[in-house]
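Engineer: Give me the fold of what follows.
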Amino acid sequence: MKHLAYLNKFFFKYRWKLIPGVLFVIISNVFGILPAQVVRLAFNLVTENIGIFQLFDGFGRQSIVSDIFGSSLFLFGVLVLVLSLLRGLFLFFMRQTIILMSRHIEYDMKNEIYTHYQELSLAFFRRHNTGDLMNRVTEDVSRVRMYLGPGIMYAINTVTLFMLAIGVMVSVNPKLAFFSLLPMPVLAFTIFYVNNIINSRSEKIQQRLSALSSFVQENFSGIRIIKSYVRENFVRGSFAAESENYKTHSMELVRVQALFYPMMLLLIGLSSIITIYIGGVEVMKGNITPGNIAEFIVYLAQLTFPVISLGWVTSLTQRAAASQKRINEFLKEQPEIISPTNDRIAVKGKIEFKNVTFRYPETGILALDDVSFVAEPGQLIAIIGRTGSGKSTIANLLMRMYDTNVGQVLIDDKPVDTINLNSFRSQVGFVPQEVFLFSDTIANNIAFSADTLNMNDVEQAAKDAAVYQNIIEFEEGFATMIGERGVTLSGGQKQRVSIARAIFKQPQVLIFDDCLSAVDTKTEEEILNNLGGIMQNKTSIIIAHRISTIKNADKILVLDQGRILEQGTHQQLMNAKGAYFELYEKQLLEEQEAP
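Structural biologist: Down below sits the predicted model:
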């Protein structure tokens, strides 16, 4: 229960739903106990009046006795109905308070976890896969809600009903109460034990179903490759094996359930038989009336579901505790990147890396080693190098997705870790290497940084990114819905929409992380020419593989294995006849000659 102690703050917050809920549970159970006593009175009335009715056999008063007898039974029937309706009414109130409370807490928890996710640093998301993050905010929270709602409700209901029913039963006849309740602990333990088996096997079924779904999704996504390599039969066989695995686990669960319900009914029936036998003996001894046997049977019927729910609630609590433990693990995670101030800043655009060394915390890979350079406001800085040379790491450190191990990143001569992070990022346009578009309209993707949609700005950004003509050729234009992860668009179109999104922001600093790889040379030149006008007096950093993209930059950095080999203008580096010259000879000779 120590993990579930985290929820105490929510109980306090919603105490005015919880307290009335508990009162409604108690009142509903009082009205649940009273019908058994009415049944006892009615049963005794029947046994007593049958003798009186037979005594007046042949007399005119027999009809009067019959009428009184019938009226009394009708009155008892109406009373039982009224008591049942009152109980049902308070059960409704109970659910409207406790279950409603659990839904409010579920809402609060999901928002709290999601907000916490948003605050965590990029390193956290690299350490954990998306499925795990989603499960904790959906599946785990749902399990906790089951404990908060049905779990607590049925637990309180069980305790209250047991105290009331057993108290009355013991006051009537302790011996009969003892023997009547004897099978109940066995029933509760059996249900708890079998429930654990059912839950364990259900978990395995869910895992197999998840694996089966992932298998199908992956193969449907890669259907072109499967058909190209003629692997349909192999995939069909793999699917059959996955399905067989799922069926095996499902059958194991069905076998347990098939034994569970007959066993439960057997124990319930055994309890009724013991009650009737011991009760009959006590009636013959004159210790109780026949009505008491009927009363006890009603009590047992009422206690059956609470006993069954006892095992279920225990299982719910265990699962909720395990889920809350998983949730707590993430809630205890602290962001490595924290904004030290709330003061907004106006970024001018000077960027300086001063002896920066950085090693990725997740992998331990040394990405940058003693890197130093300066970008003055209004300059276009280009970074080129082989794959894995540390180019994207510079972008990550500049955006302060990570903090440096050694050295400093300075923005306008201030260390980046001393300025307001949100204010700084709001003035930076970032086009990542891996383009990501949301499942929304093209217009909303471009205007992602704005709260309101200004179509004039959206269209201008699309024109500057050389994607406007492609968009208006779509049947719905800018209102075209982009499929999941942008599947509606080609690779080049996705890159240009991503560029338009950064341009729309009108940033003071613009970072292109190798985002022109899927664009042809002519379109690339058009985009770069447009950027020349847009980014006047603003700083641009372009990370690229193609030298044609960066040859007009004010400063070019050549990276290799995390170190800057050379830096200077295109002409300076060409004259140096070093690493940049070799890249140029290998890569750009044909492109320079192309029309």
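
Engineer: Heading C-terminal from the longest helix seen in the chain, find the next helix or strand.
Structural biologist: Selection of the longest helix in the chain by residue count, based on DSSP state H, yields helix 232-284. Read in the C-terminal direction, the helix or strand following helix 232-284 is helix 290-331, with elements assigned using DSSP states H and E.

Engineer: Any buried residues in the helix or strand just after that next one, and which?
Structural biologist: As assigned by DSSP H and E, the chain's next helix or strand after helix 290-331 is strand 351-359. For strand 351-359, burial by neighbour count (16 or more other C-beta atoms under 10 Å) applies to 351-354, 356, 358-359. Quick note: C-beta positions are derived from backbone N, CA and C, even for glycine.

Engineer: Now tabulate those in CSV and tack on pLDDT and distance to residue 39.
Structural biologist: Shown next, in CSV, are these (pLDDT from 0 to 100; distance: C-beta to C-beta, whole Å):
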residue, pLDDT, distance to residue 39
351, 92, 85
352, 92, 88
353, 92, 85
354, 92, 87
356, 92, 83
358, 92, 79
359, 90, 77
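
Engineer: Just name the closest of these to residue 529, please.
Structural biologist: Among the buried residues of strand 351-359, residue 351 lies closest to residue 529 (C-beta to C-beta), at 23.2 Å.

Engineer: List just the nearest of the buried residues of strand 351-359 to residue 321.
Structural biologist: Nearest to residue 321 among the buried residues of strand 351-359: residue 359, at 37.8 Å, using C-beta to C-beta.

Engineer: Quickly list what that closest one is bridged to.
Structural biologist: With DSSP bridges applied, the residues forming beta bridges to residue 359 are residue 366.

Engineer: Enumerate every residue touching it.
Structural biologist: Under the criterion of C-beta atoms under 8 Å, 6 or more residues apart in numbering, the neighbours of residue 359 are 365-367, 405.

Engineer: Could I get these in TSV, plus columns for pLDDT?
Structural biologist: Conversion of the contacts of residue 359 to TSV gives the following (pLDDT from 0 to 100):
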residue	pLDDT
365	85
366	89
367	90
405	89
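
Engineer: Of those residues, grab the buried ones for ChimeraX.
Structural biologist: For selection in ChimeraX, the members of these meeting the burial criterion (16+ other C-beta under 10 Å) are listed in this command:
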select :367
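
Engineer: Give the burial count for residue 171, as a bare number.
Structural biologist: Residue 171 has 9 neighbouring residues, counting by other C-beta atoms under 10 Å.

Engineer: and if you look at residue 215?
Structural biologist: Residue crowding around residue 215 was assessed by other C-beta under 10 Å; the count is 16.

Engineer: for it, helix, strand, or coil?
Structural biologist: Of the three states, residue 215 takes helix according to DSSP: H, G, I helix; E, B strand; the rest coil.

Engineer: Could you pull up the residues touching the nearest residue in space to it that is not next to it in sequence?
Structural biologist: Of all residues beyond its chain neighbours, the one nearest residue 215 is residue 242 (5.4 Å), with distances taken as C-beta to C-beta, 6 or more residues apart in numbering. Residues counted as contacts of residue 242 (C-beta under 8 Å, 6+ apart) are 208, 211-212, 215.

Engineer: any idea how far residue 426 is from residue 242?
Structural biologist: For residue 242, the distance to residue 426 under the criterion C-beta to C-beta, to the nearest Å works out to 47 Å.

Engineer: Same check on residue 388?
Structural biologist: Using C-beta to C-beta, which is the criterion applied here, residue 388 is 31 Å from residue 426.
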